[in-house]
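Enquirer: have a look at this prediction, sequence included:
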Amino acid sequence: MFERFRQGAVDVIRGKDSLTVEKIKQVSKLLDECVQRGQPRIVFDLEEVPLIDGAGLEMLLDVWDRCLKRGGVLKLSAPNPLCREILSITDVGPQFEIFGDTLSAAGSFAR
């Protein structure tokens, strides 16, 4: 299950499930709520996400693009080694700012 919470002016999405086609609908709903707010500032915390499939990667790229169009940004935090490798070998990782932890990612919006 995934959840959304606020850390200051930043929306954080966190979950313990794999980011796969089965979970896209739930996660997309949370992300849509964030994108609808003016200039979205979103951190997707991957610390406890065990796996990302093609549908999950596509959704992240779509939300990243929608955020940019609204003057905002989607950042990633704390990907585990497997998720980091998936982001790297699919060449999706370079699209995002990736931080070691959620606090650093959320704090980066203040710069």
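Expert: Great, that's in hand. Numbering: from 1, shown residues only.
Enquirer: buried residues in stretch 2-17?
Expert: If you call a residue buried by 16 or more other C-beta atoms under 10 Å, then stretch 2-17 has these buried ones: 2, 4, 7, 10-15. No exception for glycine: its C-beta is placed from N, CA and C like everyone else's.
Enquirer: is residue 16 in contact with residue 48, as I believe?
Expert: Yes: with contact defined as C-beta atoms under 8 Å, residue 16 counts as touching residue 48 (4.4 Å).
Enquirer: mind listing which of the buried residues of stretch 2-17 are in strands?
Expert: When DSSP state E is applied, the buried residues of stretch 2-17 are split such that 2, 4, 7, 10-15 fall in strands.
Enquirer: now those in TSV, with distance to residue 68 and pLDDT?
Expert: Formatted as TSV, these follow (distance: C-beta to C-beta, whole Å; pLDDT from 0 to 100):
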residue	distance to residue 68	pLDDT
2	22	96
4	20	96
7	21	93
10	16	97
11	16	97
12	19	98
13	17	98
14	22	97
15	23	95
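Enquirer: could you dump those into CSV with distance to residue 29 added?
Expert: Putting those into CSV (distance: C-beta to C-beta, whole Å) gives the following:
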residue, distance to residue 29
2, 9
4, 9
7, 20
10, 19
11, 13
12, 15
13, 11
14, 15
15, 13
